[in-house]
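>>> Structure of the sequence below:
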Amino acid sequence: MPLHPQAHDLLNTLNSSSTPLNQMKPSEARFSYDKFIKERNYPNDPVGKIEDHTIESDQGSVSIRIFWPIKKPQKKLPIFIFFHGGGFVMGSVESREPQCRKIANEVGCIVVAPRYRLAPEYKFPTAHDDAWNTVIWVLNNTSRLEGDSTRISIGGDSAGGNLAAAVTQQASNNNIYNFALQILIYPWTDFYLALNLPSYNLLDQPYFLTREQISWYQKQYIPEFQHKIDTRHSPALSKNISNPPRTLIITAEFDPLRDDGKNYGYILKNAGGVVKYRCYNGMIHGFFHYGALIDSATLALLQIINSLKEVFSK
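The predicted structure follows:
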């Protein structure tokens with residue numbers, strides 16, 4: 001179907017910027033990116049409690065924000081770990097905070113959202129180390145959080161989907177933990193686009209996520225092309241996926257990463273996983289965090305909430 005009118009209007013606004021994000025200094029790009037999203041996302045709903053905490057590890061420290069629901073229906077609550085997107089260069093917990101708050105309240109779960117360190121100040125594998133250390137900290141601190149160690153799910157959007165997929169593989173393959181559900185929102189699982197999937201052709205069209213933008217992200221996070229396959233930044237290239245958890249994958253029709261998410265779903269199915277895939281017609285990359293403008297953002301959020309409710313009720 002054609003580009004949805006709401007996505008068309010958003011895209012016109014995104015493309016009207018006098019200076020593209022990849023032509024800004026990273027600090028300026030982060031400010032501009034977050035400001036644009038916050039002005040077009042949902043307002044922040046009240047929640048039961050919010051806590052900021054710093055995790056210390058041998059790789060450095062990572063800040064996390066923890067949300068508890070406004071109502072606490074159970075003594076021990078399920079937990080959802082969520083990684084924000086932004087190409088490993090931009091993005092923040094705050095720009096996705098409205099979604100985190102709604103998930104906490106509507107699902108009745110604890111949401112843990114890490115502020116993993118960003119490139120170019122922190123190169124690969126820093127973000128992946130921070131993601132892994134967040135998972136290990138949650139697994140070791142479920143009692144402190146008043147959480148249920150048997151009901152933990154994980155997810156992320158775009159680069160955050162990359163992080164979620166990578167640490168899920170690591171946890172499953174090493175028999176450390178098998179998440180109740182993995183939620184990947186237009187995930188970037190093929191960092192160097194090595195698979196040459198059909199939707200990558202959309203990078204050469206003005207759908208915001210362009211080839212120049214992707215190249216900028218790549219160079220900020222990993223300055224020199226790595227010919228060696230590293231499944232931390234390219235989980236779709238892994239030859240060792242075992243016991244994958246139940247997975248929900250959400251993509252957008254006019255997103256260059258559409259077939260990346262779809263292909264990763266096939267990979268997980270072939271490894272024995274149960275995968276639900278939904279492509280939102282007429283949408284573009286990033287639609288999920290424009291809740292105040294895009295009706296499909298609300299539909300996708302409801303799908304995520306209902307999927308979490310389903311697995312956490314078992």
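>>> Can you report phi and psi for Gly156?
phi 180, psi 160 (degrees, to the nearest 10).
>>> ok, now the one 4 residues further on?
Dihedral pair for Gly160: phi -70, psi -30, per degrees, to the nearest 10.
>>> Please name the spatially closest residue to it (chain neighbours excluded).
Phe83 (3.4 Å; C-beta to C-beta, 6 or more residues apart in numbering). Every residue, glycine included, has its C-beta placed from N, CA and C.
>>> residues touching the one you found, list them.
113-114, 116, 131, 155-157, 159-161, 163-164 (C-beta atoms under 8 Å, 6 or more residues apart in numbering).
>>> ok, it to Ile305 distance?
Applying C-beta to C-beta, to the nearest Å, the value for Phe83 to Ile305 is 18 Å.
>>> hmm, back to that, what's the separation between the residue nearest to Gly160 and Ser16?
Phe83 sits 29 Å away from Ser16, taking C-beta to C-beta as the criterion.
>>> Name the secondary structure element that contains Arg151.
Assigned by DSSP states H and E, Arg151 falls within strand 147-157.
>>> How about that strand, which residues are buried there?
When neighbours are counted by 16 or more other C-beta atoms under 10 Å, the buried residues of strand 147-157 are found to be 147-149, 151-157.
>>> How about stretch 164-178?
Buried-residue list, stretch 164-178, by 16+ other C-beta under 10 Å: 164-172, 177.
>>> With stretch 179-195 instead?
Of the residues in stretch 179-195, those scored as buried under the neighbour-count criterion (16+ other C-beta under 10 Å) are 179-191, 193.
>>> Reformat those residues as a markdown table; add distance to Val274, secondary structure and pLDDT.
Putting the buried residues of stretch 179-195 into a markdown table (distance: C-beta to C-beta, whole Å; DSSP: H, G, I helix; E, B strand; the rest coil; pLDDT from 0 to 100) gives the following:
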| residue | distance to Val274 | secondary structure | pLDDT |
| --- | --- | --- | --- |
| Phe179 | 12 | coil | 98 |
| Ala180 | 12 | coil | 98 |
| Leu181 | 10 | coil | 98 |
| Gln182 | 10 | strand | 98 |
| Ile183 | 13 | strand | 99 |
| Leu184 | 14 | strand | 99 |
| Ile185 | 18 | strand | 99 |
| Tyr186 | 20 | coil | 98 |
| Pro187 | 17 | coil | 98 |
| Trp188 | 22 | coil | 98 |
| Thr189 | 18 | coil | 98 |
| Asp190 | 22 | coil | 96 |
| Phe191 | 26 | coil | 95 |
| Leu193 | 27 | coil | 94 |
